[in-house]
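Colleague: below are the sequence and a predicted model; questions follow.
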Amino acid sequence: MRDLIAETQAPTLLTARNLRLTRRGKPLLDVSALSFAAGRCTAVLGANGAGKSLLLRVLHGLMRPDSGEIGWSGAPDSPGTHAQAMVFQRPVLLRRSVEANLAFAHRAAGGARAERSHAVADALAQARLTPLAKSPARSLSGGEQQRLALARALLVKPQLLFLDEPTASLDPVSTLAVEEQIATARDRGVACVLVTHDQGQARRLADDAVFIHAGQIAEAGPAADMLTTPQSPATRAFLRGEIYLGA
Amino acid sequence: MDSFLSITLQAVGLITAWDAALSEIVALSLRVTLTALAVGCLIGLPLGAAVGAFRFPGKTAVSLVLNAAMGLPPVVAGLLVYLALSASGPFGVLGLLYTPTAMIIAQTLLITPIIAALTRQIVEDLNAEYAEQFTSLGVGTLDRITALLWDGRFALLTVALAGFGRAVAEVGAVMIVGGNINHVTRVMTTTIALETSKGNLELALALGIVLMLIALCVNALVMSVRSSAVRAAYA
């Protein structure tokens, strides 16, 4: 087993060490070291219940680990920006119009009112949602809702973007649209941490990959290597489509 | 049966004639109830939202008190306000007893817990859905409460409706603190009680019908707003 410390020239944004989380005596997460560098996309793979989403929530600060450290080395928040953003598997959209959802995020990030309409229009255009600007966000299709959630996350110009199975229940056309948004963000220098079940998606988007098994990192390294020549039994079983119950 | 029919017909006649006395009573009823509702919403909505949206020590106790206070009997609310406003009470110096203001205070006391308790439940459910997203977006405390109230606005209309229904229909509290003084504090419910006891059933029934019509109209309005909101995926 090898923990992932990004070995790239890009500056490290987030470092986690010795993260442990236990509930009712059951260890849910035990991660010794993990880091994420600017502009790289890391796929987090693993079976259901392995702790992938939990890891993302802990890294993003939505849950506090029982012990361990999470260090941020990127730039701090500034008006109108958030250092980190997250897109959930089921998009959480406010009961408002598409553009009001975007404006809300801009305001929450402390963005200047004068820049709001411009920022919202930009985000709409990038997500190809401009014709739906006035529509109620919750009346959109699943794919459009996820594109909006992603546009909202990117509107605050994050340096690190967490994505928790963003295409889990989407059709191929919507999946492609969301993947294009993610790839564009990555190409602009946004570091992405992508939880996915889809090996193909990991191949298409990820530079690095981490395989989580029973709350621990079973294997980590360049995505191309892990997906072609997996080293750990858990990763090998996952890639072959087998159920692995080993320790 | 004949007498019931004749009383009903006379009551309908009184409503269609719509004299000044009837207008005065209906107008005062609406003024007192709508003011109490406005004040109740002003206090109950943010209070309920704050209790629903945040974790704090004693949250369960506060929720319990709010839920229990929903069942506050109107006569007890009236009595409490009477004690506070009577000449020997802490606010006796204000001279508010037997005025519409006293009635507004009593009704506010009665409906604020209802509004706060129902708001808490709605906001708590909404917050369960929004909380992680709000944390991720870095939404501040005040903005959270405002956003939860705004996004729950159509569900909260029903809460306001519950408050309105409770206030407009109650008789005990306004009777105690208002005194049912003709042309001063006489509202629909107290008039119905008085006129029934005097045997003036036509006027009592006429006011009863008006009261039910108001409740029907307000409910129809709220239902139509809600259903259009549901169609637009805002509710």
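Modeller: Sure thing, it's come through.
Colleague: what about A:L194, helix or strand, and which?
Modeller: Assigned by DSSP states H and E, A:L194 belongs to strand A:191-195.
Colleague: what's downstream of that strand, the next helix or strand?
Modeller: The C-terminal neighbour of strand A:191-195 among helices and strands, as given by DSSP H and E, is helix A:199-205.
Colleague: same for the lengthiest helix in chain B, what does it pack against?
Modeller: Looking across chain B with DSSP state H, the single longest helix is helix B:100-137. If contacts are counted by 3 or more CB pairs under 8 Å, 6 or more residues apart in numbering or on different chains; DSSP states H and E, helix B:100-137 sits against strand A:84-87, helix A:98-108, helix B:20-53, helix B:59-69, helix B:74-85, helix B:141-151, helix B:153-169, helix B:172-178. From N, CA and C alone the C-beta is placed, and that goes for glycine too.
Colleague: quick one: mean pLDDT over it.
Modeller: Helix B:100-137 carries an average pLDDT of 96.
Colleague: run the chain-centre distance for that helix.
Modeller: 14 Å (CA atoms, centre = their mean, to the nearest Å).
Colleague: residues near the residue nearest to A:A105 when sequence neighbours are not counted, how many?
Modeller: Leaving aside its sequence neighbours, A:A105 sits nearest to A:R152 (CB to CB, 6 or more residues apart in numbering or on different chains; 4.7 Å). Applying other CB atoms under 10 Å in any protein chain shown, we find 30 other residues in the vicinity of A:R152.
Colleague: just checking, A:R152 touches A:L102?
Modeller: Yes: using CB atoms under 8 Å, A:R152 is in contact with A:L102, at 5.6 Å.
Colleague: quickly list what's touching both of those two.
Modeller: Residues touching both A:R152 and A:L102 (CB atoms under 8 Å, 6 or more residues apart in numbering or on different chains) are A:A123.
Colleague: any weak-confidence spans in chain B?
Modeller: B:1-2, B:235 (pLDDT under 70).
Colleague: got the contact list for the residue of it most remote from its centre?
Modeller: In terms of distance from the mean C-alpha position of chain B, B:S136 ranks first, at 37.3 Å (CA atoms, centre = their mean). When contacts are counted by CB under 8 Å, 6+ apart, B:S136 touches A:H60, A:L62, A:Q84, A:A85, A:M86.
Colleague: now A:Q201
Modeller: Counting by CB under 8 Å, 6+ apart, A:Q201 has contacts A:A43, A:T167, A:T175, A:E179, A:L194.
Colleague: then A:A50?
Modeller: Going by CB under 8 Å, 6+ apart, A:A50 touches A:I212, A:H213, A:A214, A:G215.
Colleague: circling back to that earlier point, which ones among the contacts of A:Q201 lie within strands?
Modeller: Using DSSP state E, the members of the contacts of A:Q201 that fall within strands are A:A43, A:L194.
Colleague: could you work out the most separated pair of the contacts of A:Q201?
Modeller: A:A43 and A:T175 (14.7 Å; CB to CB).
Colleague: re the thing from before, do you know which of the helices and strands packed on helix B:100-137 lies nearest A:D207?
Modeller: Taking CB to CB, strand A:84-87 is the member of those nearest to A:D207, at 18.5 Å.
Colleague: that closest one packs against which elements?
Modeller: In terms of contacts (3+ CB pairs under 8 Å, 6+ apart), strand A:84-87 is packed against helix A:52-60, helix A:142-155, strand A:160-164, helix B:100-137.
Colleague: enumerate the residues of chain B near chain A.
Modeller: B:129-130, B:132-140, B:143, B:147, B:150-151, B:232-235 (CB under 8 Å from any CB of the partner chain).
Colleague: among the residues you listed, name the buried ones.
Modeller: B:130, B:132-139, B:147, B:151, B:234-235 (16 or more other CB atoms under 10 Å in any protein chain shown).
Colleague: export the residues you listed as a markdown table, with columns for distance to A:R204.
Modeller: Output for those, formatted as a markdown table (distance: CB to CB, whole Å):
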| residue | distance to A:R204 |
| --- | --- |
| B:Y130 | 31 |
| B:E132 | 27 |
| B:Q133 | 27 |
| B:F134 | 31 |
| B:T135 | 30 |
| B:S136 | 25 |
| B:L137 | 28 |
| B:G138 | 31 |
| B:V139 | 33 |
| B:A147 | 36 |
| B:D151 | 35 |
| B:Y234 | 36 |
| B:A235 | 38 |
